[in-house]
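A.B. asks: With the input below, show me the fold.
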Amino acid sequence: MNRLALFLGAALLPLATAAQAETVSSPDGRIKVTVDADGEGIPYYEVTRDGVPIIAKSNLGFSFTDADPMRRNFEVVGFREQASNSTWEQPWGEQQWVIDSHNELTVTFREKDDTPRQITVRMRVFDDGIGFRTEFPDSIEQPVYRISDELTEFNIAGDGTAWSIPAGDWNRYEYLYAKTPISALSTVHTPVTMVLANGTHLSFHEAALVDYAGMWLRRVDGTRLRAQLAPSPRGPKVIREGAFTTPWRTIQISSNAKGLFESDIILNLNEPNKLGDVSWFTPHKYIGIWWGMHLDIESWASGEKHGATTENAKKYIDFAAEHGFRGVLIEGWNVGWDGNWFGNGREFSFTEAYPDFDIAELARYAEEKGVKIIGHHETGGNIKVYEEQLEDAMAFYQSLGIDAVKSGYVADAGGVIAPYGEGGMGETFVWHDGQEMVRHHLKVVEVAAEHQIAMNPHEPIKDTGLRRTYPNWVSREGARGAEYDAWAVPKNDPGHVPELIFTRLLSGPMDYTPGVFSLEGRGATAPDLPSTLARQLAFYVTIYSPIQMVADLPENLVKYPRALDFVKRVPADWAESMLVDGKVGEYAVIARRDRNTLNWYVGAVTDEAERNVSVPLSFLDPGKSYAATIWRDGANADGQGEDRHAMEVESRTVTSDQTLDLRIAPAGGFAIEFVPQG
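C.D. replies: Numbers count the residues shown, from 1 in each chain. The predicted structure follows:
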């Protein structure tokens, strides 16, 4: 029985009877969650939507390396219910204003033992899903919690289709997505997205991952999944002393893809901004000394092919100034790239430049041109070496006026080198998403913030919405990005981006590094990149990041002035975003309004199938005329054929009551700009 009306804002109260299950519903009443302990005293929860089971009875609990598991023999000893409805502003993001409307139930469980332990489960229910976490108190019985694993279950009430990447494998999060039955999943990373047989859309993830191991999901049997924490060489996967909370376990629930795309659950389950004024960060587009390395015409290492030279960097700064790009990323400028840096990183210096790179002169030159250098910290996965230099590295960049840094952790899973032993003097290997790396990434973000520097890590810990709390954590990689189009076999297939939009990108921004106008990778043969030219433009709307790279070489970008014109015009910060149409893994049509003007932009991408889509313009202001410029696939364009560059640019005058009917070529896309008239 839901007693929200009676106990709104009440203190923790004893239940009338321990056998009485507690329930909480979403504000619209459609989602209902029950939390209780069963006859064996096992804590559990279950979820329905419109009375239809979504998550069947799913157990909650923990196992430890030095204590009995928290699994059974619990009883409910207290509960509290409250409602919340607020609106908060993002300093940058997919939308400026975020609504947080939820109902909350906290249930306290206590063991029926002589020396009972206690935990509290906090459940928040939104119209588009749920989030729950476990809260551990200070405990005389267990002053240090050494968690060997979670026993949290997600017992999905029916089969369906899942889009997932494997967890615990060598290449971190950088895999193509597999489309399988839910009942065929193994161990997967989150977000993992599903469409049940009845059409219900689900996505499982976590929010506010702080000082805890990242969560994988392992299928136990049928469609029952269980949390599995990323490993640690210490034995326990999580060690916490005193009171603490786990990250939120999240389930986004919707009737369609639109509901998943527009959900703000991950952000809303994070704490508000702790940094205060972050106006020193400006969302922007950038170019960089980067793609040439992936094409193997330049190198990170010193020598004849060295890309990060003073002369080369000035050319990039000049190009950025001419075309209005704020930033120039420069990789390979610092000592340490020679020899075996991959998964090693022992030789990296984050303040010492190669002799052919004058960083002080380039900082002066960039400032003169109105351009910002974007710093780069590749660690080779050696966080011990990086942390020893971290303060000096950030202070050095700040002294040069550098206010954004791309970091990297190139090492196979299990190969990150961390401090270990007495005083942290030794070394050990930890996982990219274990508790040690969760702590490390947040430490880097906090030190960077002290120096007014924004962070964009590659090979990162996954995004769990902490950009709300630390707004200088502006983007990250954390998936298979455009670099794979340079050298990988296979390349990113046409369905990859339509899958990313409804999986990885549900967790937050991604530095996908789009804008390869040449559509050619290393040793190019036609067809090479499975993409049309118009599709590359669509990425700037469909793949969100407040920093967007224009990845191709400058000489390739200027060969396609009509495409370059769109990239120069499209913003990197938005007032609102919506899914106009789409289907998980197949296609997406996305509309976004510029934060700084009244202009709207639409981007669309498809998989290998040619599509004709209708775009209703009801998102435009009624009664206004808009000048629409459309960059679309040419009549014979085919992203998997030879005519990949065929692109038409046309202008129309449109109003909100109209619909645009447009063709998308196989592996193609389109981009549209709407500018209000009068």
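
A.B. asks: tell me which residues in stretch 184-193 are buried?
C.D. replies: Buried residues in stretch 184-193, counted by 16 or more other Cβ atoms under 10 Å: Leu185, Thr187, Val188, His189, Thr190, Pro191, Val192, Thr193. For glycine as for every other residue, the C-beta is placed from the backbone atoms N, C-alpha and C.

A.B. asks: which residues are contacting it?
C.D. replies: Outside of stretch 184-193, the residues within contact range by Cβ atoms under 8 Å, 6 or more residues apart in numbering are 162-168, 173, 201-206, 215-219, 225, 228, 260, 462, 502-504, 506-507, 584.

A.B. asks: Repeat that for stretch 406-416.
C.D. replies: By Cβ under 8 Å, 6+ apart, the residues outside stretch 406-416 that reach it are 168-172, 231, 329, 331, 342-343, 345, 374-383, 417, 429-432, 436-437, 444, 455-460, 511.

A.B. asks: Could you rerun that using 7 Å?
C.D. replies: 169-172, 329, 342-343, 374, 376-381, 383, 429-432, 437, 444, 455-460 (Cβ atoms under 7 Å, 6 or more residues apart in numbering).

A.B. asks: List only buried entries from these.
C.D. replies: By neighbour count, with 16+ other Cβ under 10 Å, the contacts of stretch 406-416 hold 172, 329, 343, 374, 376-381, 383, 429-432, 437, 444, 455-460 as buried.

A.B. asks: Please name the nearest non-neighbouring residue to the most centrally placed residue in the chain.
C.D. replies: Most central in the chain under Cα atoms, centre = their mean is Gly508, positioned 3.5 Å from the mean C-alpha point. Spatial nearest neighbour of Gly508, chain neighbours left out: Asp463 (3.5 Å); criterion: Cβ to Cβ, 6 or more residues apart in numbering.

A.B. asks: Give me the phi and psi angles of that neighbour.
C.D. replies: Dihedral angles of Asp463 (phi, psi; degrees, to the nearest 10) stand at phi -80, psi 130.

A.B. asks: how many neighbours does it have?
C.D. replies: Using other Cβ atoms under 10 Å, Asp463 has 26 neighbouring residues.

A.B. asks: Show the contacting residues for it.
C.D. replies: Neighbours of Asp463 in contact, by Cβ under 7 Å, 6+ apart: Arg476, Gly478, Ser507, Gly508.

A.B. asks: again, only using 8 Å
C.D. replies: Counting by Cβ under 8 Å, 6+ apart, Asp463 has contacts Ile266, Arg476, Gly478, Ser507, Gly508, Pro509.

A.B. asks: count of neighbours near Val445?
C.D. replies: Other residues lying near Val445 total 23 when counted by other Cβ under 10 Å.

A.B. asks: any residues touching the host helix or strand of it, and which ones?
C.D. replies: Assigned by DSSP states H and E, Val445 belongs to helix 435-450. With contacts defined as Cβ under 8 Å, 6+ apart, helix 435-450 is touched by 209-214, 230, 232, 237-239, 275, 383, 386-387, 390-391, 394, 405, 407, 416, 418, 430-431, 454-455, 457, 460-461, 466, 470, 472-473.

A.B. asks: now stretch 141-154
C.D. replies: By Cβ under 8 Å, 6+ apart, stretch 141-154 touches 55, 58-67, 69-71, 115-117, 136, 204, 215, 217, 220, 224-229, 235-242, 244, 246, 249, 251.

A.B. asks: From the residues you listed, which land in strands?
C.D. replies: Among the contacts of stretch 141-154, the ones falling in strands (DSSP state E) are 55, 58-59, 62-64, 136, 204, 215, 217, 220, 224-229, 238-241, 244, 249, 251.

A.B. asks: Name only those of those that count as buried.
C.D. replies: Among those, those buried by neighbour count (16+ other Cβ under 10 Å) are 55, 58-59, 62-64, 136, 204, 215, 217, 224-229, 238-240, 244, 249, 251.

A.B. asks: can you pull the buried residues of the helix or strand where Lys568 lies?
C.D. replies: For Lys568, the host element (DSSP H and E) is helix 561-569. Across helix 561-569, burial judged by 16+ other Cβ under 10 Å covers Ala563, Leu564, Asp565, Phe566, Val567, Arg569.

A.B. asks: Stretch 569-589 now?
C.D. replies: In terms of neighbour count (16+ other Cβ under 10 Å), stretch 569-589 has its buried residues at 569-582, 584-589.

A.B. asks: Name the SS class of Ala313, please.
C.D. replies: Per DSSP: H, G, I helix; E, B strand; the rest coil, the secondary structure class of Ala313 is helix.

A.B. asks: Val328 is in contact with that one, correct?
C.D. replies: Yes: judged on Cβ atoms under 8 Å, Ala313 makes contact with Val328 at a distance of 7.0 Å.

A.B. asks: Now the common contact residues for the two.
C.D. replies: Ile289.

A.B. asks: In the stretch 51-200 of the chain, what residue spans correspond to strands?
C.D. replies: Secondary structure of the stretch 51-200 of the chain (DSSP state E, counting those that start in this stretch): strands located at 52-59, 62-64, 74-89, 97-111, 118-126, 129-136, 144-150, 153-156, 160-164, 178-181, 187-188, 192-196.

A.B. asks: Turn the ones you listed into CSV, columns for distance to Ala534 and mean pLDDT.
C.D. replies: Output for these, formatted as CSV (distance: least, Cβ to Cβ, whole Å; pLDDT from 0 to 100):
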stretch, distance to Ala534, mean pLDDT
strand 52-59, 38, 98
strand 62-64, 51, 98
strand 74-89, 34, 97
strand 97-111, 31, 98
strand 118-126, 36, 98
strand 129-136, 34, 98
strand 144-150, 45, 97
strand 153-156, 38, 98
strand 160-164, 25, 98
strand 178-181, 25, 98
strand 187-188, 33, 98
strand 192-196, 26, 98
